[in-house]
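Enquirer: turn this into a model:
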Amino acid sequence: MIEKAYAKINLTLDVTGKRADGYHEIRTVMQSVSLCDTISVERAEEITVSANKKAIPADKSNLAYIACEKFFEAAGIRGGANVYIKKHIPVAAGLAGGSTDAAAVLRALNRLYKTGFSTEELCEIGASFGADIPYCVRGGTALCEGIGEVITVLPKLPRLNIVISIGGEGMSTPVMYAEIDKRQSLPNIDTDGMVRAIQAQNISGIVARLGNVFEEICAEKRPFVSAIKALMLKNGALGAAMSGSGPSVFGVFSDKTAAEACAKLLKNMGYYAFHCTTV
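Expert: Presented below is the predicted three-dimensional model:
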């Protein structure tokens, strides 16, 4: 079985509180983009994971491996799988690369073993080992709340051109949340306005409300975040923001030619850059 594992971007991302168990409550609007990994899964006696890049762990720490364990546990069957990850999504970039791979494994195993789990049931399995995985099982456009597992499906966005760019290493997610906890005030993120704009299919309203509560924190330590964002806005982006806890930055373009030209410019300046679309 072959599944595409699409990356996600956060059109908005806000931290609304901290729970007694230490987890943070968030409100975020997530969107799938055509940048993706390709996941191949076949029946086997044991679970194995391999990838086209050496940096991808092949042991039990890989979320794809855990996805297999959790799937077989939920299905109540003894099974195995050989999982091969053809990696294109940058690692630790705020694009849900590991989570979307795990979600694709769950979908593939469900087809391969003909277990008949519904999308909701696959989301429940995913939620047991990763907050972003339930969204990645579904994909598309969605409001995610709680720790990310409470999902409200939103109307599909019109096809938009997206440029994703990275200028260097990011900061760890726990460090970013620790910084959030220290701050007396945080940027205002208009997630409710974003939801209304999406429901109205109002592109100008969508790009006007792009926002990420982590962006300012990351940009203080990683100046390339602001530099890339400025370059995108100068070269045709309708709007731009950081995704996840960084360090990837995405720009929204209405024009494919402008998006491709901006991606080329960023590459020529030494940044990673990729032109894709919303899916």
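
Enquirer: average pLDDT for the host helix or strand of Y6?
Expert: Using DSSP states H and E, Y6 falls within strand 2-18. The pLDDT scores in strand 2-18 average 96.

Enquirer: what does stretch 121-131 give?
Expert: Per-residue pLDDT over stretch 121-131 has a mean of 95.

Enquirer: next, the buried residues of that stretch.
Expert: Judged by neighbour count (16 or more other Cβ atoms under 10 Å), stretch 121-131 contains these buried residues: 121-127, 130-131. Glycine gets a C-beta too; all of them are placed from N, C-alpha and C.

Enquirer: re the thing from before, check which helices and strands the strand holding Y6 is in contact with.
Expert: strand 24-44, helix 97-112, helix 133-138, strand 161-166, helix 173-182, helix 191-199, strand 211-212 (3 or more Cβ pairs under 8 Å, 6 or more residues apart in numbering; DSSP states H and E).

Enquirer: and the angle from that strand to strand 161-166?
Expert: Strand 2-18 and strand 161-166 are oriented at 70 degrees to each other (axes from the mean of the first three to the mean of the last three Cα atoms, to 10 degrees).

Enquirer: what lines up beside strand 2-18 in the sheet?
Expert: For strand 2-18, the pairing partners within the sheet under DSSP bridges are strand 24-44 (antiparallel), strand 211-212 (parallel).

Enquirer: nearest to A230, out of the helices and strands packed on strand 2-18?
Expert: Proximity to A230 (Cβ to Cβ) singles out strand 161-166 among the helices and strands packed on strand 2-18, at 11.5 Å.

Enquirer: with mean neighbour count and distance to I228 added, can I get the helices and strands packed on strand 2-18 in a markdown table?
Expert: A markdown table is the format used below for the helices and strands packed on strand 2-18 (neighbours: other Cβ atoms under 10 Å; distance: least, Cβ to Cβ, whole Å):
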| stretch | mean neighbour count | distance to I228 |
| --- | --- | --- |
| strand 24-44 | 20 | 16 |
| helix 97-112 | 25 | 19 |
| helix 133-138 | 26 | 25 |
| strand 161-166 | 26 | 5 |
| helix 173-182 | 14 | 18 |
| helix 191-199 | 18 | 22 |
| strand 211-212 | 24 | 13 |
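
Enquirer: CSV for these, including distance to S248?
Expert: Listed next are these as CSV, based on distance: least, Cβ to Cβ, whole Å:
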stretch, distance to S248
strand 24-44, 10
helix 97-112, 10
helix 133-138, 16
strand 161-166, 5
helix 173-182, 13
helix 191-199, 19
strand 211-212, 11
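
Enquirer: which other helices and strands contact the one helix or strand in the chain whose mean pLDDT sits lowest?
Expert: Counting by mean pLDDT, DSSP states H and E, the weakest-scoring helix or strand in the chain turns out to be helix 173-182, with a mean of 90. The contact analysis (3+ Cβ pairs under 8 Å, 6+ apart) places helix 173-182 against strand 2-18, helix 215-221.

Enquirer: show me this structure divided up by domain.
Expert: Following the assignment in automatic domain parsing, the chain carries domains at 2-153, 161-277.

Enquirer: how about low-confidence regions in the stretch 151-279 of the chain?
Expert: For the stretch 151-279 of the chain, no stretch has pLDDT under 70.

Enquirer: please look at Y272 and P90 and confirm they touch.
Expert: Yes. Contact criterion Cβ atoms under 8 Å: Y272 and P90 qualify, at 6.5 Å.

Enquirer: mutual contacts of those two, please.
Expert: I166 (Cβ atoms under 8 Å, 6 or more residues apart in numbering).

Enquirer: tell me, how many residues neighbour the residue lying closest to R222 once chain neighbours are set aside?
Expert: In space, and not counting its chain neighbours, R222 is closest to P247: 5.2 Å by Cβ to Cβ, 6 or more residues apart in numbering. By other Cβ atoms under 10 Å, the residues close to P247 number 27.

Enquirer: phi and psi next, for P247.
Expert: P247 adopts backbone torsions of phi -100, psi 10, taken as degrees, to the nearest 10.

Enquirer: okay, it and G167: tell me how far apart.
Expert: Going from P247 to G167 by Cβ to Cβ, to the nearest Å gives 7 Å.

Enquirer: quick check, A55 in contact with V91.
Expert: Yes. A55 is within contact range of V91, at 6.3 Å (criterion: Cβ under 8 Å).

Enquirer: these two: which has the busier surroundings?
Expert: V91 (11 against 8).
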